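K.L.:
got a predicted structure plus its sequence, pasted below:
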Amino acid sequence: MHRSGNLGCYYANKEVKDNDYYSNINTAVALGKVHVPLKHKQLASNYVLIKKIFGSSVASIPITYADRATLSRHGFLPLELSTVSQVNRQIEQLKSWANGGDILLAAYANELFEIRIKELKYLCLTMTPARSVEFKDGFKAFEKYVEYIAR
């Protein structure tokens, strides 16, 4: 067995490329196993609780232009345009910013995670089978991560 340096995930008898590791939706769950910031857990718990009670988000509020500008300033695409590997990398980046010593980066990480939750609420509420074809699968990975850390 070959052990990758990425969070202790095992891969059997093959050399692991970085893109292979990040392209799996289940990697989002693996990312949720270590060093999850408290603010992220709180936001995820609120999202899951509302989803369990009401079946979906209560209000369909899309993200604002200011939120989109904040995402683009930090190099993040909107959730519906993000691939699984991009979302997994962003999750790792947000966790490292939130757990690092820099207070400003921790504030950015919390703000970006809050925007991502808002995007996820809106996407889940307005998702139709016809629209889901247009989207990349990044939102599925983020939703899996959120549901895992909310436990």
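P.N.:
Perfect, I can see it now. Residues are numbered from 1 along each chain as shown.

K.L.:
quick one: the helices in the chain, in order.
P.N.:
18-22, 27-31, 38-54, 65-73, 84-99, 103-126, 129-132, 138-149 (DSSP state H).

K.L.:
residues contacting the third one, please?
P.N.:
Outside helix 38-54, the residues that touch it by CB atoms under 8 Å, 6 or more residues apart in numbering are 57-58, 94-95, 98, 110, 113-114, 117, 120-121, 124, 146-147, 149-150. Any C-beta I mention is one placed from the backbone N, CA and C, and that applies to glycine too.

K.L.:
and these, which is closest to Lys136?
P.N.:
Leu120 (13.8 Å; CB to CB).

K.L.:
residues contacting the closest one?
P.N.:
For Leu120, the contact set (CB under 8 Å, 6+ apart) comprises Tyr47, Leu79, Phe139, Phe142, Glu143, Val146.

K.L.:
what pLDDT does it get?
P.N.:
Residue-level confidence at Leu120 comes out at 90, pLDDT.
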